[in-house]
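A.B. asks: Could you look at this predicted model? Sequence included:
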2 protein chains.
Amino acid sequence: MFRFELIKESGKSSARRGRLTTPHGTVETPCFMPVGTQATVKAMTPEMLKDAGAEMILANTYHLYLRPGHELIREAGGLHAFMNWDGPILTDSGGFQVFSLGELRKVTDEGALFQSHIDGSKHMLTPEYVMEIQRALGADIVMAFDECVPYDATREETMAAMRHTNDWAARCKKAAMGKEQALFGIVQGGMYSDLRIESAKTIAEMDFSGNAVGGLSVGEPKPMMYDLLDEIVPHLQREKPRYLMGVGSADNLLESIARGADMFDCVLPTRMARNGTALVKTGRMNLLNARYERDFSPIEEDCGCYCCAHYSKAYLRHLVKAREILSHILITCHNLHHTLELMRQARAALDEGSFESFAGRRLAVYGAEEEDQGR
Amino acid sequence: MFRFELIKESGKSSARRGRLTTPHGTVETPCFMPVGTQATVKAMTPEMLKDAGAEMILANTYHLYLRPGHELIREAGGLHAFMNWDGPILTDSGGFQVFSLGELRKVTDEGALFQSHIDGSKHMLTPEYVMEIQRALGADIVMAFDECVPYDATREETMAAMRHTNDWAARCKKAAMGKEQALFGIVQGGMYSDLRIESAKTIAEMDFSGNAVGGLSVGEPKPMMYDLLDEIVPHLQREKPRYLMGVGSADNLLESIARGADMFDCVLPTRMARNGTALVKTGRMNLLNARYERDFSPIEEDCGCYCCAHYSKAYLRHLVKAREILSHILITCHNLHHTLELMRQARAALDEGSFESFAGRRLAVYGAEEEDQGR
């Protein structure tokens, strides 16, 4: 059911153009997946998502396991039926959320014990259980259970987490054998390039349907992330998709595509929108800024999104100030379209053999008007 | 530009079928207007509103005067352009909001002095100023400035407010002379039938484009509201539209149509939606109820709305529990469709001469499963 076709390689960089085939349709790569944490991409209907250009979305195993529960979603006919999304879905493994949201977590060789961020109840996730949960959710692509460490973790902590990640990857592979869902392994290893290389080699050897890189974009300087990617990518099979987890700003996307990454997800476009910040070619636009009070032009004149076709900055500013739900809807439409359109243009440039000059032009203007720093 | 055509009268009750013609299109009556307080019907795009069956919407003068300000909306090209709604709009006069939201209000013959609910700033609204504000907003139908009193107001308080309302109506008429917007007068008089009749006669004599009834559905028992309507309506010209303000529950709508009302508005369908309550033929459905946890059927099997076509109660309950914006979007779609479809069916029944039996059938089942009382 699952297939990755490498359509074209740039040659001038490690960028490549590909296509994923899944039980719920094809996805052109490089691709960006909007994040639907709780079985909904916040403030969007599925029709709006498609209109913005989304082909595949991501949902979070940790959140859905805790609420409404994977058995309920199984009874509903799986995540696709439950949330009315008929395109491809990828579910993460919950590793990152156990690390970032779980209270009092305790990690052993067996798995991760943690308390729910919702009600404090105790739960144990093991590689086998994570595979069972993801099977119930029914995504097209599922992820192996991994252990993340913070940016400032020591070498010992990082190595221990990487060992868990590698062991758990093997157990996930075994637990998933013969199943229809495509399983991706995750490379960890923190900020240590030798550990990253060790992890990449180990994960690649296990021959997953795809290889992911986790634990980047967690606070490290951007050049460090790019350098680590340069170290990791050569060890991940050329013919398999490479998924860089949690990355979604325009500069990170372009730089990572150039380094050979094919798939991305990030809450940045949707979260920024709910803070009243629009993504624009020059960076970020804080719509609460007084300069937009009587600005009756759209966020970007040349943008083809629903928001820019019909609404002015002055109206959006009013909605943000008045805390109206429509502000979340409209700015999310714009930010997702912005990010997905960047990917579409990147793919077109790859098709034409001009990705590097396209990326160079976009990066040259990016950040020029960055009003609202931070990830 | 403005015209009301009386298409058919029931004969068996005071119900009638009509059509409003406005600069932004026609509206079939009896009609229900979704409320777009701050230049947005909460959680809806204009496309969703039209899909739910909305023809005309209401916006609030008080809110828009305070934020973003009527001059800004005038500069934007008026409310239609500002909020991307190309259909008819009615703006209220702010009288009800000064009464219900304004702090430290002081009413004199001249007008109403009040403090903003947003920032405590002081403002004076007079009939002349309210007309100027509504002119800047540019709605198709505008309302005269009125003074509301609570359900338990004394006869003296009610009479004083009615006198203000009548005097201000005359000043609004004068201030609006020769303008393109249709101006409606408002009948007040609280719960006193002789005052209601006096007000109705006074307002009717002033020969507005339409006559509204304000200050009902403010906490009085439903039979009292219906009795007052029976007293008021005969004094309002047959050939002019009658607008019952702030009414939107199914029983109130059907009973009031039977008594000769043509137009309605209410926040009930949209506000209920944001509380996780769906309107159904039998009353109200609280989607947080545990009985819906694994109910994979839609809110109503025979409903033609977007929400019922694609989403289950179990999914909606999950969204409400997880406080997801999509719950507001989907349940608002359903509740507006429910209310607007009731009006469509009422109009069809009027066309066929069967309104009273239609209303009887709907009222017979209404309230059977009312889980969540209150307006």
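C.D. replies: Received, thanks. Computed from a predicted structure; not experimentally measured.

A.B. asks: Only C-alpha atoms from now on, for both contacts and neighbour counts.
C.D. replies: Will do.

A.B. asks: How far away from the center of its chain is the helix or strand bottoming out on mean pLDDT in chain A?
C.D. replies: Ranking every helix and strand in chain A by mean pLDDT, DSSP states H and E puts strand A:103-107 at the bottom, with a mean of 82. Remark: strand A:103-107 is offset 24 Å from the chain centroid, using Cα atoms, centre = their mean, to the nearest Å.

A.B. asks: Quick one, grab the pLDDT at the residue sitting nearest the centre point of chain A.
C.D. replies: Most central in chain A under Cα atoms, centre = their mean is residue A:265, positioned 1.4 Å from the mean C-alpha point. Per-residue pLDDT puts residue A:265 at 98.

A.B. asks: which residues touch it?
C.D. replies: Counting by Cα atoms under 8 Å, 6 or more residues apart in numbering or on different chains, residue A:265 touches A:32-35, A:58, A:244-248.

A.B. asks: where are the low-confidence patches of the stretch 251-375 of chain A?
C.D. replies: A:369-375 (pLDDT under 70).

A.B. asks: how about the helices in it?
C.D. replies: Assigned helices in the stretch 251-375 of chain A, in chain order: A:268-274, A:306-310, A:313-321, A:325-352, A:355-365 (criterion: DSSP state H, counting those that start in this stretch).

A.B. asks: Could you pull out the buried residues of stretch A:44-59?
C.D. replies: A:44-46, A:48-49, A:52-59 (16 or more other Cα atoms under 10 Å in any protein chain shown).

A.B. asks: Ok, stretch A:102-122 next?
C.D. replies: By neighbour count on 16+ other Cα under 10 Å, the buried set for stretch A:102-122 is A:102-103, A:105, A:107, A:111-116.

A.B. asks: Pull up the distance across it, start to finish.
C.D. replies: 10 Å (Cα to Cα, to the nearest Å).

A.B. asks: next one: that stretch to chain centre, how far?
C.D. replies: In terms of Cα atoms, centre = their mean, the centre of stretch A:102-122 is found 23 Å from the chain centre.

A.B. asks: Over to stretch A:235-244?
C.D. replies: 16 Å.

A.B. asks: Now the terminal residues of that stretch, how far apart.
C.D. replies: Start-to-end span of stretch A:235-244 (Cα to Cα) is 14 Å.

A.B. asks: that older thread, restricted to helices, list the buried residues of stretch A:44-59.
C.D. replies: Residues of the buried residues of stretch A:44-59 located in helices (DSSP state H): A:46, A:48-49, A:52.

A.B. asks: could you dump the residues you listed to TSV with pLDDT and distance to residue A:72?
C.D. replies: Converted to TSV, these look like this (pLDDT from 0 to 100; distance: Cα to Cα, whole Å):
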residue	pLDDT	distance to residue A:72
A:46	98	21
A:48	98	26
A:49	98	25
A:52	98	29
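
A.B. asks: Of these, which ones also sit close to chain B?
C.D. replies: Filtering these for proximity to chain B by Cα under 8 Å from any Cα of the partner chain leaves nothing.

A.B. asks: So which of those is the closest to residue B:166?
C.D. replies: Nearest to residue B:166 among those: residue A:48, at 48.2 Å, using Cα to Cα.

A.B. asks: Surely that closest one and residue A:331 touch.
C.D. replies: No. Contact status for residue A:48 versus residue A:331: not in contact, 11.9 Å apart, counting by Cα atoms under 8 Å.

A.B. asks: To chain B, which of the helices of the stretch 251-375 of chain A lies closest?
C.D. replies: Set against chain B and scored by Cα to the nearest Cα, these come closest in helix A:325-352, at 5.1 Å.

A.B. asks: neighbour-wise, which of the contacts of residue A:265 leads?
C.D. replies: Highest neighbour count within the contacts of residue A:265, by other Cα atoms under 10 Å in any protein chain shown: residue A:32, with 30 neighbours.

A.B. asks: now the residue nearest to the centre of chain A, nearest residue through space, not along the chain?
C.D. replies: residue A:33 (4.7 Å; Cα to Cα, 6 or more residues apart in numbering or on different chains).

A.B. asks: so what's that neighbour up against?
C.D. replies: Residues near residue A:33 by Cα under 8 Å, 6+ apart: A:54-58, A:263-266.

A.B. asks: Any chance of the ones in helices among the buried residues of stretch A:44-59 in a markdown table with distance to residue A:230 as columns?
C.D. replies: As requested, these are exported to a markdown table (distance: Cα to Cα, whole Å):
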| residue | distance to residue A:230 |
| --- | --- |
| A:46 | 36 |
| A:48 | 36 |
| A:49 | 32 |
| A:52 | 31 |
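
A.B. asks: Closest one to chain B out of the buried residues of stretch A:102-122, please.
C.D. replies: Distance to chain B, by Cα to the nearest Cα, is smallest for residue A:116 among the buried residues of stretch A:102-122, at 13.8 Å.

A.B. asks: Tell me who's in contact with that closest one.
C.D. replies: Neighbouring residues of residue A:116 by Cα under 8 Å, 6+ apart: A:66, A:102-103, A:122-123.

A.B. asks: mind giving me CSV with those and columns for distance to chain B?
C.D. replies: As requested, the contacts of residue A:116 are arranged in CSV below (distance: Cα to the nearest Cα, whole Å):
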residue, distance to chain B
A:66, 11
A:102, 17
A:103, 19
A:122, 19
A:123, 19
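
A.B. asks: what's the most distant pair in those residues?
C.D. replies: Using Cα to Cα, the pair of the contacts of residue A:116 lying farthest apart is A:66 and A:103, separated by 13.7 Å.

A.B. asks: mind checking the SS state of residue A:169?
C.D. replies: helix (DSSP: H, G, I helix; E, B strand; the rest coil).

A.B. asks: what does residue A:97 give?
C.D. replies: Put simply, residue A:97 is helix when judged by three-state DSSP.

A.B. asks: Please work out which residue of the stretch 101-250 of chain A is closest to chain B.
C.D. replies: With Cα to the nearest Cα, the shortest gap between the stretch 101-250 of chain A and chain B falls at residue A:118, namely 9.7 Å.

A.B. asks: near chain B, which residues of chain A show up?
C.D. replies: Residues of chain A lying near chain B (Cα under 8 Å from any Cα): A:38, A:40, A:42-45, A:67-68, A:72, A:76, A:82-84, A:294, A:296, A:310-312, A:315, A:318-319, A:322, A:324-326, A:329.
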